[in-house]
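Asks: Generate a structure from the sequence data that follows.
(one chain, ligands or ions: 1)
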Amino acid sequence: MNKSFIFFISVSIAIFILISQLHAQLGTMKKEIFKPLSYDLADKKADSVLSLMTQDEMISLVSGDRSFFIRPFMRLNLPEVYMSDATQGVHIRDKFRDVDLSKYQLEKSTAFPCPISLAATWNSNLAFRYAEAVGEECRAGNIGILLGPGMNQYRQSQCGRNFEYFGEDPFLRSVIVAEYVKGVQSTGTIATLKHFVANNTEHFRRRSNSIIDERTLHEIYLPPFKAGIDAGAMAVMTSYNQLNGEWCGQSNYVINTVLRKQLGFRWLVMTDWWSVYDGEKLVKSGQDLEMPFAVALENVTQLLIDGKMKKEDVHRMAKSVLRTYLAMHLDEQRKKSDETIDYQKHELVALQTAREGIVLLKNDHGLLPLSENKSSILLTGEYVTKLAKGGGAAEVKGFNIRSMLDELTSEFGKRIQYEKNPSLEQIKSADIILCNVGTDDVEGRDRPFALPDSQENKVLECVNNNPNTIVIVTSGSGVRMTNWNDKAKAIIYAWYVGQNGNKALAEILSGKTNPSGKLPITIEKEFKDSPGYGYLPEGESLYTRWNFMKEKEHPVFDIHYTEGIFSGYRWYEKKNIEPLYPFGFGLSYTTFEYSDLTVSKELFAENDILNISFKVKNVGKMNGAETAQLYIQDIESSVPRPVKELKGFKKVELESGQSTTVILELSKKDFSFWNPETKDWFAEKGAFVLQVGSSSRDIKLQQQVVLQ
Ligand code: BGC
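Replies: Have a look, this model is predicted:
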């Protein structure tokens, strides 16, 4: 054997060993995606467990236990299940109403950027990773059911819970929700779609009655729930409000007709905490589980005696709870010790969400990114040293928290001069001002669209006295910027950035990260421009502290959704109201050019799939990411249709000079409207305009197609 042959053989063996080792390692690293049992199998299992249960046991199974648990039945090997909030990370609660929950709590949990900022990334892949990370922390914390995603429509900017949701567009919300559900459930944690349905204000939320017509319900409020259901969500939480005069948590129409029949949901339905009042209605509505414990169901035994409830009703509810429980193996998979959390990975996901979710709204004369010169930066504002975040059930404390001051100082060093209350002289003499304003959004109350006076005055003082003022908004929803928008040189909408998101903010200011977030909402000039304006009962103003007793005494009040299907940008377009910043808008440090729109068929039939393709090119000097948006307009319709409806989008990363072809698909459903007579979607023949753009008000390419 010659030497080179021996050498060749040895090298080949070495490479082979290396590859097999690598392969083995990757194999063990490969994540197992959790798969629930099929409905039929879980149903059979539930039957056999039920056959061993007494009626009293069934009754106690259908009401929550100690506020956050499904009751255990150790005789039947069914351990308790702990459920925890919520969408932006795991809410650590050591105690709730005298119940010690400490044994269930993680030592720490990641505080992610708020969900509305996740929607502002327009990145479905990131939504999966974000939710997967939340799910992994749930698994480690022995949490069987995550009480999220929260996913109500952003109907008006004052709603205290907008930060927990995904914005104003049913399509964008649906895409994010579907990935969110898949991400959480891939870890074996149940995702709970909430709050079903039309819970769009926090002002006396337990006393509001949302009056909505059927078409609007199906086109605006239901699609994200449908998307979550189709993505496999195993739980739904009903809402506090009434829908058309019925409390959602005990409404046969809401649960049996809409949720179960029309949307096809087959798993666990639970009430929101203290939101149902009538046991008889509840059992007949298709509801399964009253939370946090029996209130409406307190008199189940009496209802049975009086014949107002049948044994079969209790059986149905208990079976639904068990079916979901068994399908997700909640009896066998909750072992805390088996889990290790990769917090570092989760922090990276949180950081990436902030990087992609922060929206650059204004950048006159290219003031940003701040160049590497010696200019001094005066930093001031409300949330510079403390982290702005949303409160209530969704609150997450986080760890390794980095304030704006921490991160800006590490990015810009001595150039940063922080002043809580800068003097006029300091304001005038600074080369650049970073002025932060924001709001503390929280469950249980709405807050004014306008900023608190003290903050408004401060930002006005900055913009009036220094032409190089950059405003950074930290809020979970839209705020009024009308008084200072024109004078501020740059505006960054940062939302609530989460525990480490101020790093992303610093990177955006310095240019290390090119901003790519786009608004998932419209920001109006004045609140009266909004489709939700007028929702407060006559003569009432917003309260600053939620009060349960006061809420109880408040009469039920109607909120007429008179805007109908014209919610969000659909409203501003129809009414010809110029918003301050439109839906889908967000600047980059580079520029993108759109061209070459082609559609696979200009005349198409109902069952055709249309392929829409176009080119996006980065014609600027920096690498960056663009979210191209596809809207449709029905121009020959027998019913009113919006001027634009988002039906597709794609986020593409492009180096300077690089271009790509984006391909999107449209099918029959995308052209349809809900027909209340047939109770189905209907694609009406006629012409439609396809509009491709970089925001809802910046359409770059369009083409007509005809459904024949
Ligand atoms: C909220 C829900 C939450 C529940 C449990 C309620 O007040 O509306 O979203 O999941 O409390 O914390």
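
Asks: just checking, Glu164 touches Glu395?
Replies: No: using Cβ atoms under 8 Å as the test, Glu164 is too far from Glu395 to be in contact (10.0 Å). Placement of C-beta: from N, CA and C, glycine included.

Asks: The two: who's more crowded?
Replies: Neighbours per residue (other Cβ atoms under 10 Å) separate Glu164 from Glu395, with Glu164 holding more: 28 against 19.

Asks: What sits closest to Ser186 if chain neighbours are left out?
Replies: Ile33 (4.8 Å; Cβ to Cβ, 6 or more residues apart in numbering).

Asks: Assign that neighbour to helix, strand or coil.
Replies: Per DSSP: H, G, I helix; E, B strand; the rest coil, the local secondary structure of Ile33 is coil.

Asks: From the ligand, how far out is it?
Replies: 26 Å (Cβ to the nearest ligand atom, to the nearest Å).

Asks: Count the neighbours of that residue for me.
Replies: Ile33 - counted by other Cβ under 10 Å - has 11 other residues nearby.

Asks: Surely it is in contact with Gly188?
Replies: No: contact criterion Cβ under 8 Å: Ile33 and Gly188 do not qualify, at 9.4 Å.

Asks: For the ligand, what's the nearest residue on the stretch 101-250 of the chain?
Replies: Relative to the ligand, the nearest point of the stretch 101-250 of the chain is Leu147 (3.7 Å; Cβ to the nearest ligand atom).

Asks: Phi, psi for that residue please.
Replies: Dihedral pair for Leu147: phi -80, psi 60, per degrees, to the nearest 10.

Asks: Flag the shaky bits of the chain, pLDDT-wise.
Replies: Applying pLDDT under 70 to the chain picks out residues 1-31, 333-339.

Asks: Output the set of residues of it in proximity to the ligand.
Replies: Asp85, Ala86, Leu147, Lys194, Asp272, Trp273, Ala393 (Cβ under 6 Å from any ligand atom).

Asks: Now neighbour count, secondary structure and distance to Glu312 too, for those residues, in JSON lines please.
Replies: Converted to JSON lines, the residues of the chain next to the ligand look like this (neighbours: other Cβ atoms under 10 Å; DSSP: H, G, I helix; E, B strand; the rest coil; distance: Cβ to Cβ, whole Å):
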{"residue": "Asp85", "neighbour count": "25", "secondary structure": "coil", "distance to Glu312": "33"}
{"residue": "Ala86", "neighbour count": "24", "secondary structure": "coil", "distance to Glu312": "34"}
{"residue": "Leu147", "neighbour count": "26", "secondary structure": "coil", "distance to Glu312": "29"}
{"residue": "Lys194", "neighbour count": "28", "secondary structure": "strand", "distance to Glu312": "28"}
{"residue": "Asp272", "neighbour count": "23", "secondary structure": "coil", "distance to Glu312": "26"}
{"residue": "Trp273", "neighbour count": "17", "secondary structure": "coil", "distance to Glu312": "27"}
{"residue": "Ala393", "neighbour count": "22", "secondary structure": "coil", "distance to Glu312": "34"}
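
Asks: Roughly how far does the residue lying closest to Gly392 once chain neighbours are set aside sit from Asp40?
Replies: Of all residues not flanking Gly392 in the chain, Glu443 sits nearest, at 2.7 Å (Cβ to Cβ, 6+ apart). Taking Cβ to Cβ, to the nearest Å as the criterion, Glu443 is separated from Asp40 by 38 Å.

Asks: Of these two, which one has the most company?
Replies: Neighbours were counted for Glu443 and for Asp40 using other Cβ under 10 Å; Glu443 has more, 21 against 9.

Asks: That one contacts Gly476, doesn't it?
Replies: No: the criterion here is Cβ under 8 Å, and Glu443 misses it with Gly476 at 10.7 Å.

Asks: what's the one helix or strand Asn464 maps to in contact with?
Replies: Taking DSSP states H and E as the criterion, Asn464 maps to helix 453-465. The contact list for helix 453-465, computed with Cβ atoms under 8 Å, 6 or more residues apart in numbering, reads 380-382, 424, 427-428, 433, 435, 437-438, 450-451, 469, 471, 483-484, 487-488.

Asks: try 7 Å this time
Replies: Contact partners of helix 453-465, identified using Cβ atoms under 7 Å, 6 or more residues apart in numbering, comprise 382, 424, 427-428, 433, 435, 437, 450, 469, 471, 483-484, 487-488.

Asks: What is the helix or strand following that helix packed up against?
Replies: Next in sequence after helix 453-465, counting helices and strands by DSSP H and E, comes strand 469-474. Secondary-structure packing of strand 469-474 (3 or more Cβ pairs under 7 Å, 6 or more residues apart in numbering; DSSP states H and E): strand 432-438, helix 453-465, strand 490-493.

Asks: In JSON lines: those, plus mean neighbour count and distance to Asn363.
Replies: Listed next are the helices and strands packed on strand 469-474 as JSON lines, based on neighbours: other Cβ atoms under 10 Å; distance: least, Cβ to Cβ, whole Å:
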{"stretch": "strand 432-438", "mean neighbour count": "25", "distance to Asn363": "13"}
{"stretch": "helix 453-465", "mean neighbour count": "17", "distance to Asn363": "15"}
{"stretch": "strand 490-493", "mean neighbour count": "25", "distance to Asn363": "5"}
